[in-house]
Every structure is written in structure tokens, then in C-alpha cells.
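[1] Show me the folded form of this:
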Amino acid sequence: MDGLEDYLAGALNAVDRKHIEVHLDQCEMCREEVSAMQDVALLLGSLRAGDGVEPAPGFYARVMQRVEAGTPKAAPSAANLFGFDLAMGRRLAFACLMTLAILGFFLVSRETSYSPSPSPESIMAQQEIPAFGQAQGHDAMLVTLTAYEH
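    Below is the predicted model:
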């Protein structure tokens, strides 16, 4: 087993090769191993590529022309200016809309219900009050504020 690979490759000297051949004549297990190794070597040899593939005429010249000319730069888009790709922009728009929806829901749910009783400011705004400098206007204001019940 130690020299089987060298034996199959033909890299052994005559004495070692003769020693292995004598052993192979006597040992069935080693003969089967050598036979299996030879089959694998044949299969691997059949996988080798034949002749190399040659490129079409003028291929190297076209490549060199393109390299020398340089590649044209793509026009920058608005998304590329800010470093966003399309998927990132969609995710950002979705996150903004969800934030807006949550804030809207919060504001609507926190809104106090409409109170049917008017506030003191609305009562005073609806009253016909005489000029501010008159005592009657002061009295009306005082009565309005003291009569207010919430």
C-alpha cells in the first residue's frame, strides 16, 4: 500500500517495482486496489480537455481598443447622488408612511371628546359687552367668570 501510487506512476526503481509485482501476484486485495486505482486514473484522464480553445480573430485587438478607450461613465441618477439604491428608497418610504400612520393614530386617540358646555372664552366672545373702560363691562365680565361651571 505504501508504494502503490509510485508504482502506478512508474516512478519506482526496478527492485521496488519487482517487489510490488510479486506481492500483487500473491495478494488479491492489493490487486483489486490497483485495478480500482487504474480505473480511476483512466476516468480522470478522459476528463482532460483536448486542444485549447482559441478566441476569434481580432479578439485581443478589440479588448485592447476598449481598454485604451476607457469605459463610458454612466450618468448619475438622483438616487445615486444620495447613495440610495431603489430597494433602500422603498424601505425608507415605507418606514416614513408607517411612522406617519402611527403618529396620526396616536393624535386621534388622544384627542379629547367634544364638550357640549362652552368654555369661558367662548361665552365672553359671544356676549355684547360695552366698552372696556366702563364699569358695566367690568361687572358683566365678573359675572360671566363667576357663573361659569365646568
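[2] Wait, Glu33 touches Tyr7, no?
    No: counting by Cβ atoms under 8 Å, Glu33 does not reach Tyr7; the two are 10.9 Å apart. (C-beta placed from N, C-alpha, C; glycine too.)
[3] Can you pick out the residue with more neighbours from these two?
    Ranked by neighbour count (other Cβ atoms under 10 Å), Glu33 and Tyr7 place Tyr7 first, with 18 against 14.
[4] What's the local residue count around the closest residue to the more buried one other than its chain neighbours?
    Sequence neighbours aside, Ile20 is the residue nearest to Tyr7 in space, at 4.9 Å (criterion: Cβ to Cβ, 6 or more residues apart in numbering). Close neighbours of Ile20, defined as other Cβ under 10 Å, add up to 19.
[5] For Ile20, give me its contacts.
    3-4, 7, 12 (Cβ atoms under 8 Å, 6 or more residues apart in numbering).
[6] Identify the farthest-apart pair in the residues you listed.
    Pairwise distances across the contacts of Ile20 (Cβ to Cβ) peak at 10.0 Å, for the pair Leu4 and Leu12.
[7] the domain parsing of this protein - what is it?
    4-45, 84-110 (automatic domain parsing).
[8] pLDDT averaged over the longest one - what is it?
    This means domain 4-45. Mean pLDDT, domain 4-45: 84.
[9] what's the span of it, first residue to last?
    End-to-end distance of domain 4-45: 18 Å, with Cα to Cα, to the nearest Å as the criterion.
[10] quick one: the strands in the chain?
    Counting by DSSP state E, no segments of the chain form strands.
[11] show me where it has helices.
    Listed in chain order, the helices of the chain (DSSP state H) span 4-9, 14-26, 28-46, 59-69, 78-81, 86-110, 120-126, 135-147.
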